[in-house]
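# I'd like to go over a predicted model; first the sequence, then the structure.
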Amino acid sequence: MLTIALAKGRTADDVLPLWRRAGIPVPADIDDSRALVFELAGTPFGDLRYLLAKPVDVPTYVQFGVADIGVVGKDILLEYDRDVYELLDLGTGYCKLCVAGRAVHKNTRPRRVATKYPRLADEYFRSQGADVEIVTLSGSIELAAVIGLTERIFDLVQSGATLRANGLVVFDEVLDVTARLIANRSSYRTKRAELERVVAALEAVLAGQEEEMRR
Ligand SMILES: Nc1ncnc2c1ncn2[C@@H]1O[C@H](COP(=O)(O)OP(=O)(O)OP(=O)(O)O)[C@@H](O)[C@H]1O
Ligand SMILES: O=P(O)(O)OC[C@H]1O[C@H](OP(=O)(O)OP(=O)(O)O)[C@H](O)[C@@H]1O
């Protein structure tokens with residue numbers, strides 16, 4: 001049995017089509033069920049069990065070995081730094097971790113920055129030699145800059161629609177983010193063959209996509 005922890009929400013939505021193209025069986029009702037565990041017996045990839053977890057919890061499930069592999073954004077892998085192997089960049093869920101704020105603050109020294117990524121924000125502002133107070137929030141980060149709690153936000157930007165709708169602009173692009181396939185360290189040894197079958201199927205699709213883009 002191979003157990004796969006998927007970050008539910010955007011990450012799973014973006015990655016499941018890739019999974020299907022790779023021929024890895026996906027439970028038919030995974031997109032619209034409230035269930036969190038799905039099992040598929042006797043697939044060409046062996047028995048598969050899917051777990052749908054909160055994105056930040058996926059590396060935890062994988063590190064502790066209750067999931068053999070997982071799919072989660074690079075943003076979360078870097079912020080939480082769990083002890084897992086990163087096997088593959090799946091290329092889906094592309095967005096950027098950015099510093100943003102109100103245009104009037106672009107050239108002022110920030111006192112505070114709001115983020116869901118305190119560790120990465122701290123690393124970034126230290127690297128800039130800026131002494132800022134990190135204000136950790138759980139979501140709707142843009143609100144902090146709009147309402148004047150902070151002069152900067154450190155958050156994901158995809159289409160830019162949320163920034164635009166709130167009168168904010170990007171000051172700096174810090175990191176490209178995509179979904180990654182991760183593995184538990186001991187599963188990587190004990191279930192190597194099953195794991196490699198999944199990786200090879202995904203790699204074949206990714207290579208096909210690259211070839212198509214070159215044409
Ligand atoms: N525009 C985007 N905004 C946020 N995350 C994105 C975006 N595009 C891709 N992602 C990826 O999706 C992940 C977040 O997914 P999602 O927004 O569904 O969950 P969440 O709202 O952060 O978590 P929660 O389950 O706590 O609501 C991020 O970690 C990132 O890797
Ligand atoms: O550039 P865009 O395409 O507008 O996407 C970026 C927005 O999406 C994410 O928020 P999410 O919708 O996950 O809500 P949250 O802020 O509550 O996490 C992110 O934190 C930005 O707010």
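That came in fine, so what should we check first? Ligands and ions are numbered 1, 2, ... in the order given.
# tell me how many other residues surround residue 2.
20 (other CB atoms under 10 Å). Bear in mind the C-beta positions are built from the backbone N, C-alpha and C, glycine included.
# which residues of the protein fall in strands?
Listed in chain order, the strands found in the chain under DSSP state E are 2-7, 37-43, 46-53, 69-73, 85-89, 95-101, 112-115, 133-136, 152-157, 169-177, 179-183.
# pick the most deeply packed of these.
Sort the strands of the chain by mean neighbour count, taking mean count of other CB atoms under 10 Å, and strand 69-73 sits at the top with a mean of 28.
# avg pLDDT for that one?
Taken as a whole, strand 69-73 has a mean pLDDT of 98.
# now this structure against ligand 2: closest residue?
residue 139 (2.7 Å; CB to the nearest ligand atom).
# now for the strands of the chain, which one comes closest to residue 122?
Residue 122 sits nearest to strand 133-136 of all the strands of the chain, at 5.6 Å, using CB to CB.
# quick one: residues contacting the residue most central in space within the chain.
Nearest to the mean C-alpha position of the chain, by CA atoms, centre = their mean, lies residue 73 at 1.2 Å. Residues counted as contacts of residue 73 (CB atoms under 8 Å, 6 or more residues apart in numbering) are 7, 11, 55, 93, 177-180.
# of the residues you listed, list those near ligand 1.
Counting by CB under 6 Å from any ligand atom, 11, 55, 93, 177 from the contacts of residue 73 sit close to ligand 1.
# residue 127: neighbour count?
If you count neighbours by other CB under 10 Å, residue 127 ends up with 9.
# what does the one 5 residues further on give?
Residue 132 sits with 20 neighbouring residues when counted by other CB under 10 Å.
# need the residues of this structure near ligand 1, please.
Selection of the chain residues close to ligand 1 by CB under 6 Å from any ligand atom yields 9-11, 54-55, 73, 75-76, 93, 95, 156, 158, 177.
# same thing but 5 Å
Contact residues of the chain with respect to ligand 1, defined by CB under 5 Å from any ligand atom, are listed as 9-11, 54-55, 73, 75-76, 93, 95, 156, 158.
# residue ranges of each domain in the protein, please.
When the chain is parsed with automatic domain parsing, its domains come out as 2-93+178-214, 95-176.
# pLDDT-wise, which helix or strand of this structure ranks last?
Using mean pLDDT, DSSP states H and E, helix 192-214 stands out as the lowest-scoring helix or strand of the chain, at a mean of 93.
# what's the angle between that one and strand 85-89?
With axes from the mean of the first three to the mean of the last three CA atoms, to 10 degrees defining the directions, helix 192-214 sits at 30 degrees from strand 85-89.
# in helix 192-214, what's buried?
Applying a neighbour-count criterion of 16 or more other CB atoms under 10 Å, one finds 194-195, 197-199, 201-202, 205-206 buried in helix 192-214.
# and that helix, what does it pack onto?
strand 2-7, helix 10-21, strand 85-89, strand 179-183 (3 or more CB pairs under 8 Å, 6 or more residues apart in numbering; DSSP states H and E).
# CA-only coordinates of the third one in PDB, if you can.
Spelled out, that is strand 85-89. Once non-C-alpha atoms are left out, strand 85-89 reads as follows in PDB (Å, rounded to 0.1, in the frame of the first residue of the first chain):
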ATOM      1  CA  TYR A  85      13.000  14.000   0.600                       C
ATOM      2  CA  GLU A  86      11.900  16.300  -2.300                       C
ATOM      3  CA  LEU A  87      11.600  14.100  -5.300                       C
ATOM      4  CA  LEU A  88      10.100  16.100  -8.100                       C
ATOM      5  CA  ASP A  89       9.100  19.600  -9.100                       C
END
